[in-house]
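Undergrad: dropping a prediction and its sequence here:
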Amino acid sequence: MASLTRRNLIKLGIASGALLATGEGLKTPALAGTVKLEYGGKDFSPATGVERKAIPTACWSCVTRCAAMGFVEDGRVVKMESNPASIRTLGKMCSK
């Protein structure tokens with residue numbers, strides 16, 4: 001068995017990182033509770049599975065005024081998404 005040197009420790013770290021990066025556990029989406037079922041999207045609470053109410057709105061963070069959909073759960077907006085029915089932005093929204 002090889003002694004644990006700094007070089008071997010670095011090799012072990014790189015190999016472990018490569019295995020983790022290609023593993024199935026890291027391939028799951030970050031928002032696993034979000035499911036788009038139809039044009040315009042639907043959103044479901046990951047905790048309860050209840051469909052969130054979608055309210056059309058606009059983002060006023062810049063001059064583009066992107067059309068957006070706000071998803072409401074328990075009276076609070078919990079997610080913002082672009083509105084695919086928008087003829088101005090064609091369903092796109094910036095990161096602001």
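TA: Nice, I can see it.
Undergrad: who touches Arg76 in this structure?
TA: Contacts for Arg76 (Cβ atoms under 8 Å, 6 or more residues apart in numbering) come out as none. No exception for glycine: its C-beta is placed from N, CA and C like everyone else's.
Undergrad: quick one: it from Arg52, how far?
TA: In this structure, Arg76 and Arg52 are 10 Å apart, going by Cβ to Cβ, to the nearest Å.
Undergrad: then Ser95?
TA: 21 Å.
Undergrad: neighbour count winner among those two?
TA: Shown here are Ser95 and Arg52; by other Cβ atoms under 10 Å, Arg52 has more neighbours (20 against 4).
Undergrad: who's in contact with that one?
TA: Contacts of Arg52 by Cβ under 8 Å, 6+ apart are Lys42, Asp43, Phe44, Ser45, Phe71, Val72, Glu73, Val78, Lys79.
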